[in-house]
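Visitor: one predicted model, sequence on top.
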Protein chains: 2
Amino acid sequence: MKSIKQFIQTHVDADFQAEDTLPFICHQKAIPKNTLITRYGQTERYAYFLLSGIVKISMLRDDGQERVLEFFFPGSFFSAYTSFLTAEAADVEIEALCDCEVEMISHSDMQQAYKHSLLANKLGRIVAEHYYIRKTNREKDFLTKSATERYTELLTRRPEQQIPVQLTARYLGIEPESLSRIRKMIS
Amino acid sequence: MKSIKQFIQTHVDADFQAEDTLPFICHQKAIPKNTLITRYGQTERYAYFLLSGIVKISMLRDDGQERVLEFFFPGSFFSAYTSFLTAEAADVEIEALCDCEVEMISHSDMQQAYKHSLLANKLGRIVAEHYYIRKTNREKDFLTKSATERYTELLTRRPEQQIPVQLTARYLGIEPESLSRIRKMIS
């Protein structure tokens, strides 16, 4: 199970050791399936790192339909990130799709660490850069790739069996029937 | 004229003084009107800070039409940012819309500074966070706001007279004729 410490070793500082201290307080927590981790309108107070499980981040469109923005898999940070950065009300909702385990850092502990810690700032910078690249790529994918291509890419990130069909469809922006056709075509 | 040092004072570290040394080498440069600062397919080697002038970042759609992604005004960083971060070929183009003055930092100097400098990492983190928020807001605006609202917001950022009508229209994603109607309605 990949932890924040291992994320740091891989992406931030190869010299960081398992026995080194993190520059912020970090709690571990089990989150049961279907828990709403962050609700619409709430101010995000935590940055989470997913140890196990799957979470989804979604948004409500004006017509009341849910649009799935992202699935997060183990080994990545997630959060209602804009709300975490701006302290404004979240316009997204985060839900545990199965039983999850997370490490979590509070906003105030993170801000405290940012004042003096080189490592915390390196980590914060690299995570922000990842988020930016991820958002840009997803925008580009929508402009240039077919639903089939985007579905195949999701499969390479994670066996999709663990995500309900209707959620995968909402992520791809297509009807569940279209997804069924794509799945038949591929298999 | 706002400089990188002043950006740092305002957004990164209030204790930073004008006579303090930046943690990276920074060159100043004049860029004549209509210069292509970064071309499609080029790997971005610089982060720029706009001292004066206006630049536009655009993308080519599959049908060959230009889409304006962003205008940048003095006091902000700009770059083919994904290419700068990933060292992949840029899929955007950056052009000076009028005579511009910039401060510029090379990719290798920035990476060198990131190794040991707390200030460089704070700056890099905060710029990445700004970019993320900006991208998210623009995405949300397209989903939820009318062209008129988005045009009015652009005006609050900068008198639009300095940007040719057809470019403003390409930024708003509307026909130049529609923009003319909006302008008449507002004035």
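Guide: Okay, I see it.

Visitor: going forward, measure contacts and count neighbours with C-alpha atoms only.
Guide: OK.

Visitor: now name the helix or strand holding the residue of chain A found nearest chain B.
Guide: Nearest to chain B, among the residues of chain A, is A:R125, at 3.8 Å (C-alpha to the nearest C-alpha). A:R125 belongs to helix A:118-144 when elements are defined using DSSP states H and E.

Visitor: buried residues in that helix, which are they?
Guide: Neighbour-count burial for helix A:118-144, counted by 16 or more other C-alpha atoms under 10 Å in any protein chain shown, picks out A:118-133, A:135, A:138.

Visitor: could you do stretch A:178-187 as well?
Guide: Residues of stretch A:178-187 classed as buried by neighbour count (16+ other C-alpha under 10 Å): A:179, A:182.

Visitor: residues in contact with stretch A:34-41?
Guide: With C-alpha atoms under 8 Å, 6 or more residues apart in numbering or on different chains as the test, stretch A:34-41 has contacts from A:44, A:80, A:89-99.

Visitor: which of those come close to chain B?
Guide: When the contacts of stretch A:34-41 are checked against chain B using C-alpha under 8 Å from any C-alpha of the partner chain, none falls in range.

Visitor: can you flag the buried ones in those residues?
Guide: For the contacts of stretch A:34-41, buried by 16+ other C-alpha under 10 Å: A:44, A:80, A:89-98.

Visitor: shouldn't A:H27 be in contact with A:I105?
Guide: Yes - here A:H27 reaches A:I105: they are 6.7 Å apart, a contact under C-alpha atoms under 8 Å.

Visitor: so between these two, which is more surrounded?
Guide: A:I105 (18 against 11; other C-alpha atoms under 10 Å in any protein chain shown).

Visitor: how many other residues sit next to A:I57?
Guide: Using other C-alpha under 10 Å, A:I57 has 21 neighbouring residues.

Visitor: doesn't it fall inside a strand?
Guide: Yes - the assignment for A:I57 is a strand, going by DSSP: H, G, I helix; E, B strand; the rest coil.

Visitor: now the nearest residue to it once chain neighbours are set aside. Its backbone dihedrals?
Guide: Nearest non-adjacent residue to A:I57, counting by C-alpha to C-alpha, 6 or more residues apart in numbering or on different chains: A:I94, 4.6 Å away. The phi and psi values for A:I94, taken as degrees, to the nearest 10, are phi -120, psi 130.

Visitor: per-residue confidence at A:I94?
Guide: With respect to pLDDT, A:I94 scores 97.

Visitor: please tell me I have it right and A:I54 contacts A:C98.
Guide: Yes - using C-alpha under 8 Å, A:I54 is in contact with A:C98, at 6.2 Å.

Visitor: heading C-terminal from the helix or strand bottoming out on mean pLDDT in chain A, find the next helix or strand.
Guide: In chain A, the helix or strand scored least confidently by mean pLDDT, DSSP states H and E is helix A:147-157, which has a mean of 81. Next helix or strand after helix A:147-157 toward the C-terminus (DSSP H and E): helix A:165-172.

Visitor: so which elements touch that following helix?
Guide: strand A:66-72, helix A:147-157, helix A:176-186 (3 or more C-alpha pairs under 8 Å, 6 or more residues apart in numbering or on different chains; DSSP states H and E).

Visitor: can you list the neighbours in contact with that helix?
Guide: Taking C-alpha under 8 Å, 6+ apart as the rule, helix A:165-172 contacts A:66-70, A:147, A:150-151, A:175-176, A:179.

Visitor: A:R45 and A:M110 touch, don't they?
Guide: No - counting by C-alpha under 8 Å, A:R45 sits too far from A:M110 to count as a contact (10.1 Å).

Visitor: spell out which parts of chain A neighbour chain B.
Guide: So chain A meets chain B at A:62, A:82, A:85, A:114, A:116-118, A:121-122, A:124-126, A:128-129, A:131-133, A:136, A:144 (C-alpha under 8 Å from any C-alpha).

Visitor: 6 Å - rerun?
Guide: Contacts of chain A with chain B, taken as C-alpha under 6 Å from any C-alpha of the partner chain, map to A:118, A:121-122, A:125, A:128-129, A:132.
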